[in-house]
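Engineer: Below is the structure, and that's it, no one-letter string:
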Ligand SMILES: *Cc1c(COP(=O)(O)O)cnc(C)c1O
């Protein structure tokens with residue numbers, strides 16, 4: 001390996017071990033997943049699908065991709081899947097192209113209220129290609145289902161989309177699915193954040209309510225960076241497959257698909273279920289502790305919660321994120337419901353426990369993390385002291401290269 005690259009790789013390895021990783025969309029993959037991603041599978045061109053490739057020599061690649069598809073369908077109890085999307089955003093673009101025509105109407109939650117860029121943000125392809133209307137959150141920070149129903153009846157969208165990036169509560173898929181049926185819309189679920197929770201049975205499944213489901217594989221599902229698309233509808237999977245190739249992508253990343261297959265097998269175990277239960281428990285313990293300490297944190301039913309740093313400490317999310325980086329705690333600023341700051345400033349931060357729980361973090365440590373963050377942002381804990389408290393926790397966690 002080139003020395004300069006090796007140097008930065010070693011530094012990044014240290015950073016991952018020395019920091020408390022609280023970014024809700026991140027995780028640490030198993031060694032087996034990483035081995036597959038870095039394997040000779042990357043050498044192979046295999047445009048097309050198993051049994052229908054545009055290149056020779058795909059007999060073993062075909063078996064790996066079929067295995068990935070079968071394991072994925074088994075994990076989420078559905079009939080059809082495509083494991084080739086390069087990312088969650090690509091999966092959404094492909095799903096939209098499969099089920100909508102240009103200009104069709106998509107009813108979704110905005111980025112500001114917890115949705116994703118690809119859910120119709122003006123700076124994203126989704127708002128350029130489709131007509132976007134949004135439903136919203138109620139005062140309690142939860143989806144306002146009655147409002148959603150009213151807007152759906154008024155706007156008659158082709159597609160209703162649920163599944164978010166910064167939403168700490170469970171989603172009532174059955175209820176939204178019924179609304180979609182009533183107005184003749186397709187129901188799409190983007191479970192990028194909560195796929196691991198759904199796989200473990202800790203969050204209700206989008207099936208049988210959803211017509212099409214997209215996801216990333218690298219968040220709570222703990223697999224390689226990538227996307228997937230699922231459905232029970234044979235007509236929809238045909239359209240998805242065609243929209244992906246030849247529509248949008250060329251050769252699939254078969255090394256990543258190998259890593260995905262490994263991830264789906266790992267997620268279908270009692271150990272993974274226990275892991276996800278611990279994620280949700282750690283998240284709840286930490287959020288509860290913030291409120292006990294007098295801070296303004298959302299409640300949580302998932303792997304993440306939102307902390308209002310402006311109201312709690314007089315600090316914007318941007319400043320809080322930078323301050324926590326000084327003491328080796330990694331978070332991201334995030335818009336809160338009714339946020340009055342700009343998107344790159346924000347009123348708060350998003351915290352999640354999928355990554356640290358993979359390293360073996362327990363409840364007691366989750367509580368300590370709330371206390372360190374609270375007192376450091378409040379200004380009554382000095383930097384050296386905070387750093388040594390963080391080190392005490394990280395020293396006790398599994399090293400990321402050994403997971
Ligand atoms: C993370 C995320 C995505 C996009 O995933 P990328 O792999 O970063 O493109 C899409 N939808 C939701 C809800 C997400 O949280």
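Structural biologist: Thanks, I have the structure now. All values derive from a computational prediction rather than experimental measurement.
Engineer: Every contact and neighbour count from this point should use C-alpha atoms.
Structural biologist: Fine.
Engineer: Can you report how many residues lie near the residue in the stretch 251-400 of the chain positioned nearest to the ligand?
Structural biologist: For the stretch 251-400 of the chain, the residue positioned closest to the ligand under CA to the nearest ligand atom is residue 304, at a distance of 11.7 Å. Residue 304 sits with 31 neighbouring residues when counted by other CA atoms under 10 Å.
Engineer: what does residue 402 give?
Structural biologist: The burial count assigned to residue 402 is 9, neighbours taken as other CA under 10 Å.
Engineer: Surely it and residue 32 touch.
Structural biologist: No: at 10.4 Å, residue 402 and residue 32 do not qualify as touching, with contact defined as CA atoms under 8 Å.
Engineer: Could you report the separation of residue 182 from residue 5?
Structural biologist: Using CA to CA, to the nearest Å, we find residue 182 at a distance of 55 Å from residue 5.
Engineer: who's more crowded, those two?
Structural biologist: Between residue 182 and residue 5, counting by other CA under 10 Å, residue 182 is the more crowded of the two (13 against 10).
Engineer: Tell me the pLDDT of that one.
Structural biologist: Per-residue confidence for residue 182 comes out at a pLDDT of 98.
Engineer: now it: how far from residue 175?
Structural biologist: As judged by CA to CA, residue 182 and residue 175 stand 11 Å apart.
Engineer: what do you get for residue 234?
Structural biologist: Counting by CA to CA, the separation of residue 234 from residue 175 is 24 Å.
Engineer: Check residue 101 too.
Structural biologist: 26 Å.
Engineer: likewise residue 308?
Structural biologist: Distance, residue 308 to residue 175, by CA to CA: 29 Å.
Engineer: higher neighbour count, those two?
Structural biologist: When residue 308 and residue 175 are compared for neighbours, residue 308 comes out ahead with 26 against 12, by other CA under 10 Å.
Engineer: ok, and the closest non-adjacent residue to that one?
Structural biologist: Using CA to CA, 6 or more residues apart in numbering and skipping residues adjacent in sequence, the residue nearest residue 308 is residue 348, 4.4 Å away.
Engineer: doesn't residue 312 make contact with the one you found?
Structural biologist: No: between residue 348 and residue 312 there is no contact, the gap being 9.2 Å when judged by CA under 8 Å.
Engineer: Look at those two and report which has more neighbours.
Structural biologist: Here residue 348 and residue 312 are set side by side on neighbour count (other CA under 10 Å), and the busier one is residue 348, at 29 against 20.
Engineer: Residues in a beta bridge with that one, which ones?
Structural biologist: Counting by DSSP bridges, residue 348 is bridged to residue 308, residue 334.
Engineer: What's the per-residue pLDDT of it here?
Structural biologist: According to the per-residue confidence, residue 348 scores 97 in pLDDT.
Engineer: can you check residue 107 too?
Structural biologist: Each residue has a pLDDT score; the one for residue 107 is 98.
Engineer: Which residue is the nearest non-sequential neighbour of the residue of the stretch 251-400 of the chain closest to the ligand?
Structural biologist: Counting by CA to CA, 6+ apart, the nearest residue to residue 304 once its immediate chain neighbours are dropped is residue 352, at 4.1 Å.
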